[in-house]
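**Student:** with the sequence up front, the predicted model follows.
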Amino acid sequence: MALRIVIDLLIAIGLFFALAGTKGIIKMPDAFCRMQASTCISTLGVLCTAIGAVLYAILIMGSIGTAVKIGLIALLILLTNPIGSHSIAKGAYKAGIRPEKEMSVDDYGRDFE
Amino acid sequence: MQKMRFPAVISTFIVCFAFWVLLTWSFEIQELAAGAVVSLAVALFAGRFFVHTKSFWFFNPVKLVNLIIYVLFIFPVELIKANWDVAKRCFGGCKNVNPGIVKVPVDLESDYGQAMLANSITLTPGTITMDIAEEEGQTYYYIHWIDVTAPSGKEAGDAIKGTLEKGVGRIFK
Amino acid sequence: MTELLIFGIFFAVMAVCLLWRVAKGPTAADRIVAADGADNLLCCAMILFAVFSGRGIYLDIALVGALFGIVDTMLVGRYLEGRL
């Protein structure tokens, strides 16, 4: 019974961070801040949910193959997310997308334009 | 086009075969043989792009222990702190943000180390690495930061990188 | 047992909420960021449904979704940068 509570707690923590990322994407003022909020979903949101599901698959279902596949999915999302995030940020800046409010420090624009 | 080297092919083959076993998770002799053939074909073509410097560094026990310490202890602490910070900003009305792009010096030299540090910084919420530039022998990162508390230079570098750079520096010089 | 289903439904509802940003977002970067977030949330929902129902087929769908999420993100990024 204690095991079930631990698993539920882990998935609820993942749900909390995913909710924070969702609210950030919908409410943040400009595009770059929305990228920062979306990182919240794909790190701790996915990671805590996957750890809870792995514990459930090993200790209650008793199937190692399912657990390994869930771990592989989490690892894949965690490894590929920064590449896409980096690509989108650089591309958005090069395409001329700027926040409405002026940024307080902008070294990239100072050095390359 | 680089020359094909034998140790690079062997190490790529080991990584590909481990992924095959993890994906299928069955240990019959036929499946293992099919996986070995496919992994060898992939390794023959992709080994020269996958490994650039020493091939067998991954099987060096000191570096392996450092990598495990970095992945299990140093990085999650920074990850949880940054996640909690960004979650507070998101639930607090999304108004107390002060975005900006700062330029930060980095002391790592090898390509793998720079890529790993850049990906670690991008993976912590609140900071995104946008570009890497090199001026007069010193490497600089351009980092988009959601809450600028210090202008460019050393202080911003200490606030962003924290303990990450030392951890990466112990794996890749 | 049932709470996994409820958590999975929460994840799916949040992915549907992100579609609002995909439809409205002023620029292309907003749209692709929201689509990427919805992709990751749907992967979570698929994992939870797989362990709830005990079928492995949902895990394969989640794996393919995670693999192709990076491809479309990088395609749009390269296109915005002007190097495609």
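**Tutor:** Alright, I've got the coordinates.

**Student:** B:Gly153 and B:Ala159 touch, don't they?
**Tutor:** No - if you go by Cβ atoms under 8 Å, B:Gly153 and B:Ala159 don't touch, sitting 10.8 Å apart. (C-beta placed from N, C-alpha, C; glycine too.)

**Student:** more neighbours: which of the two?
**Tutor:** For B:Gly153 and B:Ala159, the more surrounded residue by other Cβ atoms under 10 Å in any protein chain shown is B:Ala159, and the numbers stand at 16 against 12.

**Student:** next one: A:Phe32 from chain C, what distance?
**Tutor:** According to Cβ to the nearest Cβ, to the nearest Å, A:Phe32 stands 8 Å off from chain C.

**Student:** tell me the centre residue of the chain?
**Tutor:** No chain was given, so I picked chain A. Central residue of chain A (Cα atoms, centre = their mean): A:Ser42, 1.7 Å from the mean position.

**Student:** how about it, what does it touch?
**Tutor:** Neighbour list for A:Ser42: A:77-78, A:81, C:36-37, C:40 [criterion: Cβ atoms under 8 Å, 6 or more residues apart in numbering or on different chains].

**Student:** swap in B:Gly169?
**Tutor:** Counting by Cβ under 8 Å, 6+ apart, B:Gly169 has contacts B:107-108, B:113.

**Student:** go again using 10 Å as the cut-off
**Tutor:** Contacts for B:Gly169 (Cβ atoms under 10 Å, 6 or more residues apart in numbering or on different chains) come out as B:66, B:107-110, B:113, B:117.

**Student:** ok, so of these, who is nearest chain A?
**Tutor:** Of all those, chain A sits closest to B:Leu117, with 11.0 Å by Cβ to the nearest Cβ.

**Student:** please report the distance of the residue in chain B positioned nearest to chain C from B:Leu32.
**Tutor:** With Cβ to the nearest Cβ as the measure, B:Leu23 is the residue of chain B nearest to chain C, at 8.4 Å. Here B:Leu23 is placed at a distance of 13 Å from B:Leu32 (Cβ to Cβ, to the nearest Å).

**Student:** read off the pLDDT value for residue 43.
**Tutor:** Since no chain was named, I'll use chain A. On pLDDT, A:Thr43 comes in at 89.

**Student:** um, chain C though
**Tutor:** Reported pLDDT at C:Cys43 in the predicted model: 91.
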